[in-house]
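Visitor: Give me the fold of what follows.
(3 chains)
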Amino acid sequence: MNGSVIGRGTVVRGNVRGSGSLEILGRVEGDVSVNGELVIGEDGAVRGSVSGSHITCSGAVQGDVRGSEAVLLERGARVVGDLTAPRIGVATGALVKGLVRTDGEPALGAARRPATGGARPIAFPARAAAPAPKAEPREESREESGDSEPPEPKAAREAPPPPVVPALAKGAKAKKKRKED
Amino acid sequence: MAGTVIGEGLSIEGDLSSEEEVVVQGNLRGKLTTTDAVSVGSSAVIEADVSAQSLTIAGQVTGDVTAAERVDLQAGGRLIGDVKASRLTIADGASFKGNVDMDV
Amino acid sequence: MMRHSSEGSVLGPSTRITGRISGEGALRVEGGIKGDISVSGTAEIVEGASVEGSVHAESLEIAGSLLGDAVTRGPIAVRSGAVVRGDLRGSEISIEPGSRVSVRLDTQVELDLGAPRRR
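Guide: Numbering: from 1, shown residues only, chains lettered A, B, ... in the order given. Modelled structure (predicted):
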């Protein structure tokens, strides 16, 4: 068995993918995709989309979470993004902002709520994990264009959820910096 | 027990920075920095500059390595890149291409 | 058909209602309702029961099916075996594995992912 661990004192800026299981106790700023079990510990944090077979999360994720078998959020987990899996559990005390859908159930359609359904970017700019559109309508148009362009001036991004948005800009900078040095 | 283990089959593309021991058995492409030790296992393939307290290489590393203490290139290990460390050992059966700066 | 227990109202298993239900106290749905529910106490949709409409209540427990939005001041619990589609807003929301859901949760989440650590 190869169990990988991203330890408490470790920060990964970039994508993590592969076979086997993975435990995240530190931070990942990028997408995580493994075909085995994935555990995100209490102090673990991922800014990016997350996929695995059986995902147990007690930490923080800003991005969509997709389990091919199950997604279980424990007490204390915080997720801003959508959850999909055949089996989903959200414990009391876990916080989620996003769509939660078990496989086979219809998506909450745009038809049902035209005001909020349509504009949401589908799964992709995962690290942009758009907050629910109706809450911050301005947010999403920014994020849709934001991907290909350099981050906007910080002040402009600093608006609604303060800890989240400026951090995104910093992550983007860090990535750029890596290429330069 | 190492704090961070990149197991065989796992790939990281990007920067990994840490304050604890890092064991790599899988793939890493980008940059690896820790204030503790790094161990590159025989199955590991690293394309990154590595900076650590000490570094043991039994797998493949392409990139410049810097260690505050020492670099040990073990039998079967392969390093292409420059080494900066106060101590360096290259075992019989290891391959190495690059410059060495022992900072005398 | 609507009986009163110490905890509040109960709509029995054979009860079918089309229309709006509102009132004081708790409500336990064992039958089928098409219409919106608004009660001041706790609401419960038991296994086998169904509600098509929105639910406003102090808290909500769903073991049956709810097609519609729910807003509570207290917690919302989705039990294993439940089928729920709609927006859920409550102080705390829990979903048991084994339920079938397509829901939107809008919890205020403070993600303290903060600034990336310096190298």
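
Visitor: count of neighbours near the residue in chain A positioned nearest to chain B?
Guide: Using CB to the nearest CB, the point where chain A gets nearest to chain B is A:Gly14, with a distance of 1.0 Å. Yep, even glycine has a C-beta here, placed from its N, CA and C like the rest. Residues within reach of A:Gly14, counting by other CB atoms under 10 Å in any protein chain shown, total 22.

Visitor: Which residue ranges of chain A form helices?
Guide: Along chain A, the segments classed as helices by DSSP state H run A:114-117, A:137-146, A:154-157, A:164-180.

Visitor: Compute the mean per-residue pLDDT across the longest one, please.
Guide: Meaning helix A:164-180. Mean pLDDT, computed over helix A:164-180, is 42.

Visitor: try stretch A:41-61
Guide: The predicted model gives stretch A:41-61 an average pLDDT of 97.

Visitor: low pLDDT regions in chain B?
Guide: Along chain B, the parts satisfying pLDDT under 70 run over B:1-2, B:104.

Visitor: ok, 50 please
Guide: Within chain B, not a single segment meets pLDDT under 50.

Visitor: likewise chain A?
Guide: Low-confidence segments of chain A (pLDDT under 50): A:1, A:110-181.

Visitor: got it, and chain C?
Guide: Using pLDDT under 50 as the threshold, the predicted model of chain C has low-confidence ranges C:1, C:115-119.

Visitor: Can you name the residues bridging to B:Thr66?
Guide: In this structure, B:Thr66 has the following beta-bridge partners (DSSP bridges): B:Ser51, B:Lys84.

Visitor: That one and chain C: what is the separation?
Guide: Noted for B:Thr66: a distance of 13 Å to chain C, by CB to the nearest CB, to the nearest Å.

Visitor: still on that earlier bit, so what's the residue count around the closest residue to the residue of chain A closest to chain B other than its chain neighbours?
Guide: If the residues on either side of it in the chain are set aside, A:Gly14 comes closest to B:Gly14, at 1.0 Å by CB to CB, 6 or more residues apart in numbering or on different chains. Summarising burial for B:Gly14: neighbours were counted as other CB under 10 Å, giving 22.

Visitor: ok, B:Gly14 - contacts?
Guide: Residues counted as contacts of B:Gly14 (CB atoms under 8 Å, 6 or more residues apart in numbering or on different chains) are A:Val12, A:Arg13, A:Gly14, A:Asn15, A:Glu29, A:Gly30, A:Lys175, A:Arg178, B:Arg29, B:Gly30, B:Lys31.

Visitor: next one: A:Gly14
Guide: Counted by CB under 8 Å, 6+ apart, A:Gly14 has contacts A:Glu29, A:Gly30, A:Lys175, A:Arg178, B:Ile12, B:Glu13, B:Gly14, B:Asp15, B:Leu16, B:Gly30.

Visitor: Using JSON lines, please lay out those together with distance to A:Leu22.
Guide: Converted to JSON lines, those look like this (distance: CB to CB, whole Å):
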{"residue": "A:Glu29", "distance to A:Leu22": "15"}
{"residue": "A:Gly30", "distance to A:Leu22": "13"}
{"residue": "A:Lys175", "distance to A:Leu22": "21"}
{"residue": "A:Arg178", "distance to A:Leu22": "22"}
{"residue": "B:Ile12", "distance to A:Leu22": "11"}
{"residue": "B:Glu13", "distance to A:Leu22": "15"}
{"residue": "B:Gly14", "distance to A:Leu22": "15"}
{"residue": "B:Asp15", "distance to A:Leu22": "18"}
{"residue": "B:Leu16", "distance to A:Leu22": "13"}
{"residue": "B:Gly30", "distance to A:Leu22": "17"}
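
Visitor: can you tell me which of the residues you listed lies nearest to A:Gln62?
Guide: Checking the contacts of A:Gly14 against A:Gln62 by CB to CB gives A:Glu29 as the nearest, at 9.6 Å.

Visitor: Would you confirm that that closest one contacts A:Gln62?
Guide: No - in terms of CB atoms under 8 Å, A:Glu29 does not count as a neighbour of A:Gln62; the distance is 9.6 Å.
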